[in-house]
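**Student:** kindly generate the corresponding structure for this input.
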Amino acid sequence: MMKYFHRQVQLWGEETQRSLQDKKIVIIGCGGLGSSLSYALGASGIGEIHMVDFDEVSVHNIHRQIAFKVGDEGKNKAQINVDNILARSPFVKAIAHDCDFKAWSEKGIDVDLIIDATDNLPVRGEINDYAKSVNTPWVYGSVEAWNGQVCFFDEGDFKDAFKITQKTPAGIAAPIVMHIASLQANLVLRYLAGLSVVKDKLYYLFFNEEGELVTQKFNLPK
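**Tutor:** Model (predicted):
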């Protein structure tokens, strides 16, 4: 196993790498963010990964949802991501859940961290409520157009920071999806490896009209 994770072992040592085998996470949503997260985290050595999504692949998903290819239309997104994880790493248990978040939350599965990869505010509100009810932190991520947001929620409350509405998303550039998922994945790995993580601070990233990448930070109410 240590040969497989050689470069990570160089980063944080064998003991930390072995400790990841005892960690369990759930990724809610297996589309754009979820696909990228499955690649970033699926071969990292996390012991158990649950992928949750009731949706099927459509042709308009494929350009920004890197787990899928032409010919996958009609297949469940969670199952494809799980298959990809298992094909890449023999050191992880990956489970697909063909259901929505509410149905998954009623299964009583204990995890160390919840990762939001959804695309609507109401479900994020549900994740926030569930996470607080089971005293488990969660990592928020969202993308739209050339913009993205990331936050590690611990004591902060999503509903205090965001107005919960139904909203039709704008277009999305594929690279910003992978960028935000990468930031989420780094927070996940740092937390699970016992490294420091800034909590309850919202990071907002966007390209301005001149094409400059700008990052803003906001402390959330607790």
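
**Student:** need the residue closest to the centroid of the chain.
**Tutor:** Ile115 (4.2 Å; C-alpha atoms, centre = their mean).

**Student:** what comes into contact with stretch 205-213?
**Tutor:** Trp146, Asn147, Gly148, Gln149, Val150, Ile176, His179, Ile180, Leu183, Val214, Thr215, Gln216 (C-beta atoms under 8 Å, 6 or more residues apart in numbering). From N, CA and C alone the C-beta is placed, and that goes for glycine too.

**Student:** test my guess that the third one contacts Ile180.
**Tutor:** Pointing back at Gly148 there. Yes - using C-beta atoms under 8 Å, Gly148 is in contact with Ile180, at 3.8 Å.

**Student:** show me whatever sits in contact with both of these two.
**Tutor:** Contacts common to Gly148 and Ile180, judged by C-beta under 8 Å, 6+ apart, are Gly141, Ser142, Leu205.

**Student:** quick one: secondary structure of the second one?
**Tutor:** The one in question is Ser142. strand (DSSP: H, G, I helix; E, B strand; the rest coil).

**Student:** helix or strand for the residue lying closest to it once chain neighbours are set aside, which one?
**Tutor:** Excluding the flanking residues, the one nearest Ser142 by C-beta to C-beta, 6 or more residues apart in numbering is Gln149, at 4.9 Å. Per DSSP states H and E: Gln149 is located in strand 147-153.

**Student:** mean confidence for that strand?
**Tutor:** Averaged across strand 147-153, the pLDDT comes to 95.

**Student:** packing partners for it?
**Tutor:** strand 138-144, helix 174-192, strand 201-207 (3 or more C-beta pairs under 8 Å, 6 or more residues apart in numbering; DSSP states H and E).

**Student:** of these, which is nearest Asp154?
**Tutor:** strand 138-144 (8.7 Å; C-beta to C-beta).

**Student:** which parts of that closest one are buried?
**Tutor:** Trp138, Val139, Tyr140, Gly141, Ser142, Val143, Glu144 (16 or more other C-beta atoms under 10 Å).

**Student:** try stretch 190-206
**Tutor:** For stretch 190-206, the neighbour count (16+ other C-beta under 10 Å) marks Tyr191, Leu192, Ala193, Val197, Lys199, Asp200, Leu202, Tyr203, Leu205, Phe206 as buried.

**Student:** cool, and stretch 206-222?
**Tutor:** Under the neighbour-count criterion of 16+ other C-beta under 10 Å, stretch 206-222 has Phe206, Leu220 buried.

**Student:** okay then, goodbye and thanks.
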